[in-house]
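Colleague: The amino acid sequence is not available; the structure is as follows:
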C-alpha cells in the first residue's frame with residue numbers, strides 16, 4: 001500500500017465525533033493524499049447513509065500541495081459515512097509518461113506495457129466493456145509491433161480518452177488506503193432559525209388570569225407577523241408545591257404564587273404531564289397544529305430535574321443524592337441555592353433505569369409532535385448521557401433538534417456540541433464592544449468549532465438582563481437585535497420583555513429581571529406604541545429574503561475608522577447574495593466613519609459602479625470603489641443593512657424602482 005492519506009477534513013477531534021452539515025446543502029471534503037515517487041494517485045470519495053452498504057462515489061480533484069477536494073450533498077437528515085480511498089493509478093501514470101515520450105523505440109515498448117494494464121481492467125469488466133477493452137489491448141499490441149504505424153498514430157491510439165475512462169471504471173483498488181469520517185446532517189432549521197421565547201402562563205389578555213394554550217394560539221398571528229419560526233416554551237409541566245419560590249425568588253411563597261416552571265413535578269404528575277392550568281394534552285397538540293399553519297414550530301424545554309414532590313422522588317429515591325441525614329440534596333451553585341429543585345444523580349447505581357426513563361420523556365413529546373428541544377443546563381449532566389440520548393433519539397427521529405443552554409466554560413460548551421447538540425448558546429450577551437464582537441464572531445465563524453458548533457445568539461433570556469439593556473434605551477435594544485440577527489444564522493429573543501424594552505433589574509448589580517416571569521404571572525400590552533415590533537418584523541423579513549444571513553459562513557469584518565461603528569459582510573457564494581451591515585454601538589451619539597470593504601470577499605470589480613440598497617430604510621445608492629463614508633444617528637437609525645448588487649439596473653427595470 002503506497003498511497004498515504006494524511007488527513008481528511010473536516011474532522012472533529014481526529015474523527016472521534018461527527019461533523020455537522022445541513023441536508024440538501026453541499027459539503028466540501030478535503031483529503032491530504034500523496035505517494036512516493038512520481039506515480040499518479042487516484043482519490044475518490046464514497047458516501048452513504050451510515051450503516052448502509054454501497055453508496056455514491058465522486059472523484060476527488062487534485063489541488064496544490066497534495067490536497068484533494070470533492071463534495072457530497074446529503075439528501076435528508078441523518079447520519080452519513082464518508083470514506084476517502086486513495087491508490088496508485090498505474091494506468092494513469094503510464095498514460096502521463098507516454099504523453100512525454102518522443103523516442104519511437106520507447107513508445108513501442110510502452111504500448112506493450114499499456115496493453116498488459118488494459119488486460120487487467122478487461123479481466124475485471126464484463127459484457128461489452130470487457131469486449132471493448134480486450135479489442136483495445138489487441139490493437140495497441142499490434143500497433144506496437146507494426147513498423148508501418150508511426151509514433152504519432154501509436155500515441156493517438158494509446159491515449160484515447162474515452163477508452164481510458166473505461167479502464168478507470170475497473171481500477172484495481174486492492175491496495176487502496178482508506179480513511180472514514182462521519183457527518184450528521186440536520187434539517188435546514190438547525191442551521192437557520194429565528195426563536196421567540198415566551199411564558200404561556202403570561203399570555204392571557206386580562207391581568208391576573210393564568211394564560212392557557214388557547215391564549216397562545218391567539219398570539220400566533222402576532223409572532224408570525226414578526227417573522228419568528230420557533231416558539232419556545234419554558235417547562236409546561238406541573239409545578240412543585242414543596243419549597244415553591246415566591247415572587248422575585250423569595251423563599252416564602254404565598255398561596256397564590258405560581259412558582260418556577262423549572263421546579264418540575266407535583267401530585268398532578270411529572271415530565272410527561274402538562275400543568276392543568278395551561279390546558280390539556282389535546283389542546284397542546286392543537287396548538288402545535290395551529291402553529292404549523294403559521295410556519296412556526298413549538299420548542300419545549302427539556303429540564304432534567306425534579307421538584308421535591310415529583311413522583312420520581314418517592315418512586316425512585318436512588319436517582320437522587322442524599323445528605324447524611326437522609327434528606328435529598330437540592331441544587332446549588334454557590335452562592336445560589338435552588339431549594340425547589342432536586343438534580344438527578346447520574347452516578348447512581350441505578351443509572352441505566354434513570355437514563356432509559358429520561359429518554360422515554362423525549363420519546364413521549366416526540367410522539368405528540370414536538371421536534372425541537374431547548375435543553376436546560378446540559379453541562380450539569382453526564383457527557384456520556386447526552387451522547388447516548390441524542391444518538392438514540394436521532395437514529396429514530398433524525399429531524400430532531402437539540403439546543404444546548406450552557407453558559408459555562410468554552411471547552412465544556414464545545415464538548416456538548418461535539419456530543420450531538422444541534423445548536424448552542426453563546427457569550428453574545430456579554431460581548432458589547434467592537435473588539436469583543438469582532439474577536440468572538442471571528443472565532444465562531446473561522447475557529448476550530450466551525451465544523452460542529454452552531455451558535456444561537458440571544459440578547460436576553462429570562463435569566464439574563466445584561467447591564468447594557470438595563471439602560472432601557474431604545475437605540476441600544478434595536479442595535480443589539482440587529483447585531484444578533486445579522487451576525488448569526490440562529491438567533492432568538494425572550495419576549496415580550498425585549499420588544500417592550502423591559503429593563504428593570506431585581507436589584508442593582510443583578511442580571512435578573514425585576515418581577516420576573518420565572519416566579520409570577522405577568523400581563524403584557526403587546527400593542528404598546530414603544531414596541532420594537534415593526535423593527536423586529538423588518539429585520540426578520542430581511543433574514544428570510546437574503547441567503548447570506550442564513551448561514552454562519554461567509555462572515556468578513558471590515559475596517560472602519562471609528563471604534564463606535566462596526567461593519568461586516570455576509571456573503572453567500574452559491575447565490576451571490578451579499579449583505580453589508582454597519583451598526584452604531586453608541587446609543588447616545590451619532591457617529592460617522594469610512595468603511596473599507598473587503599474587496600476579495602465581494603468577488604466583483606468594485607472599480608465599476610455597483611448598487612447599494614439599505615434594506616432597513618429602503619434608500620438606494622450607487623457606490624464605486626472600496627472606501628465609503630457612513631453616518632448613523634441612533635435616534636433615527638442605529639444601523640444600515642445594505643444589500644450589494646454588482647449589476648447596475650436601468651430605468652427599464654421598472655419593478656426594481658416600485
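Modeller: The structure has been received and is ready for your questions. Here the structure is a predicted model, which is why all the values come from computation and not from measurement. Residues are numbered from 1 along each chain as shown.

Colleague: Roughly how far does residue 498 sit from residue 531?
Modeller: According to Cβ to Cβ, to the nearest Å, residue 498 and residue 531 sit 10 Å apart. Glycine gets a C-beta too; all of them are placed from N, C-alpha and C.

Colleague: Neighbour count: those two, which is higher?
Modeller: Relative neighbour count places residue 498 above the other of residue 498 and residue 531, with 24 against 19, counting by other Cβ atoms under 10 Å.

Colleague: Just give the nearest non-adjacent residue to the more buried one, would you?
Modeller: Closest residue to residue 498 apart from its sequence neighbours, by Cβ to Cβ, 6 or more residues apart in numbering: residue 460 at 5.5 Å.

Colleague: pretty sure the one you found contacts residue 467?
Modeller: No. With contact defined as Cβ atoms under 8 Å, residue 460 does not reach residue 467; the gap is 11.7 Å.

Colleague: which residue ranges form the strands in the stretch 201-350 of the chain?
Modeller: Per DSSP state E, counting those that start in this stretch, the stretch 201-350 of the chain carries strands over the ranges 230-233, 297-302, 305-306, 331-333, 336-338, 342-343.

Colleague: swap in the stretch 1-150 of the chain?
Modeller: With DSSP E, counting those that start in this stretch as the criterion, the stretch 1-150 of the chain has strands spanning 4-9, 19-22, 27-34, 41-49, 56-59, 61-62, 67-72, 78-88.

Colleague: Any chance of JSON lines for these, columns mean pLDDT, distance to residue 425 and mean neighbour count?
Modeller: What follows is the strands of the stretch 1-150 of the chain, written out as JSON lines (pLDDT from 0 to 100; distance: least, Cβ to Cβ, whole Å; neighbours: other Cβ atoms under 10 Å):
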{"stretch": "strand 4-9", "mean pLDDT": "97", "distance to residue 425": "27", "mean neighbour count": "16"}
{"stretch": "strand 19-22", "mean pLDDT": "97", "distance to residue 425": "16", "mean neighbour count": "23"}
{"stretch": "strand 27-34", "mean pLDDT": "97", "distance to residue 425": "25", "mean neighbour count": "19"}
{"stretch": "strand 41-49", "mean pLDDT": "96", "distance to residue 425": "30", "mean neighbour count": "21"}
{"stretch": "strand 56-59", "mean pLDDT": "95", "distance to residue 425": "36", "mean neighbour count": "13"}
{"stretch": "strand 61-62", "mean pLDDT": "96", "distance to residue 425": "38", "mean neighbour count": "13"}
{"stretch": "strand 67-72", "mean pLDDT": "98", "distance to residue 425": "30", "mean neighbour count": "18"}
{"stretch": "strand 78-88", "mean pLDDT": "97", "distance to residue 425": "24", "mean neighbour count": "22"}
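
Colleague: now these in TSV, with distance to residue 170?
Modeller: Shown next, in TSV, are the strands of the stretch 1-150 of the chain (distance: least, Cβ to Cβ, whole Å):
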stretch	distance to residue 170
strand 4-9	22
strand 19-22	32
strand 27-34	21
strand 41-49	12
strand 56-59	14
strand 61-62	21
strand 67-72	21
strand 78-88	13
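
Colleague: So which of those is nearest residue 198?
Modeller: Proximity to residue 198 (Cβ to Cβ) singles out strand 19-22 among those, at 27.2 Å.

Colleague: just to revisit the earlier point, the more surrounded of residue 460 and residue 467?
Modeller: Using other Cβ under 10 Å, the more surrounded residue of residue 460 and residue 467 is residue 460, with 25 against 13.

Colleague: OK, contacts around that one?
Modeller: 429, 466, 469, 493-494, 497-498 (Cβ atoms under 8 Å, 6 or more residues apart in numbering).

Colleague: For residue 542, state which of these is nearest.
Modeller: Looking at these and their distance to residue 542, the nearest is residue 493, at 15.6 Å (Cβ to Cβ).

Colleague: Contacts only, for the closest one.
Modeller: 195-197, 458-460, 481, 484, 499, 536.

Colleague: Surely residue 263 is in contact with residue 342?
Modeller: No. Counting by Cβ under 8 Å, residue 263 does not reach residue 342; the two are 9.2 Å apart.

Colleague: tell me the helices in the stretch 351-500 of the chain, going along the chain?
Modeller: With helices called from DSSP state H, counting those that start in this stretch, the stretch 351-500 of the chain shows them at 351-368, 383-396, 410-419, 434-446, 474-487.

Colleague: Deepest-packed of these, please.
Modeller: Highest mean neighbour count of the helices of the stretch 351-500 of the chain: helix 474-487, a mean of 24 (counted as mean count of other Cβ atoms under 10 Å).

Colleague: For it, name the packing helices and strands.
Modeller: On a contact count with 3 or more Cβ pairs under 8 Å, 6 or more residues apart in numbering; DSSP states H and E, helix 474-487 meets helix 434-446, strand 490-494, helix 533-545, strand 565-572, strand 577-584, strand 639-645.

Colleague: Give the rounded mean pLDDT of that helix.
Modeller: The average pLDDT for helix 474-487 rounds to 98.

Colleague: do the same with stretch 209-216
Modeller: On average, the pLDDT along stretch 209-216 is 98.

Colleague: For it, list every residue counted as buried.
Modeller: Neighbour-count burial for stretch 209-216 flags 210-216 (criterion: 16 or more other Cβ atoms under 10 Å).

Colleague: Could I get those residues in JSON lines, plus columns for distance to residue 2?
Modeller: As requested, those are arranged in JSON lines below (distance: Cβ to Cβ, whole Å):
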{"residue": "210", "distance to residue 2": "73"}
{"residue": "211", "distance to residue 2": "70"}
{"residue": "212", "distance to residue 2": "70"}
{"residue": "213", "distance to residue 2": "66"}
{"residue": "214", "distance to residue 2": "70"}
{"residue": "215", "distance to residue 2": "70"}
{"residue": "216", "distance to residue 2": "65"}
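
Colleague: any chance of the helices and strands packed on helix 474-487 in TSV, plus mean pLDDT and distance to residue 327?
Modeller: Supplementary listing: those in TSV, determined by pLDDT from 0 to 100; distance: least, Cβ to Cβ, whole Å:
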stretch	mean pLDDT	distance to residue 327
helix 434-446	97	43
strand 490-494	98	34
helix 533-545	98	47
strand 565-572	96	52
strand 577-584	97	52
strand 639-645	96	54
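
Colleague: Quick check: which of these is nearest to residue 600?
Modeller: Minimum separation from residue 600 across the helices and strands packed on helix 474-487 (Cβ to Cβ) falls at strand 565-572, 10.2 Å.

Colleague: Can you name the residues in contact with the top helix by length along the chain?
Modeller: Ranked by residue count, the top helix of the chain under DSSP state H comes out as helix 104-124. Here helix 104-124 makes contact (Cβ under 8 Å, 6+ apart) with 90-91, 94-95, 97-98, 101, 130, 133-134, 136-138, 140-141, 143-145, 150-151, 154-155, 158, 166-167, 169-172.
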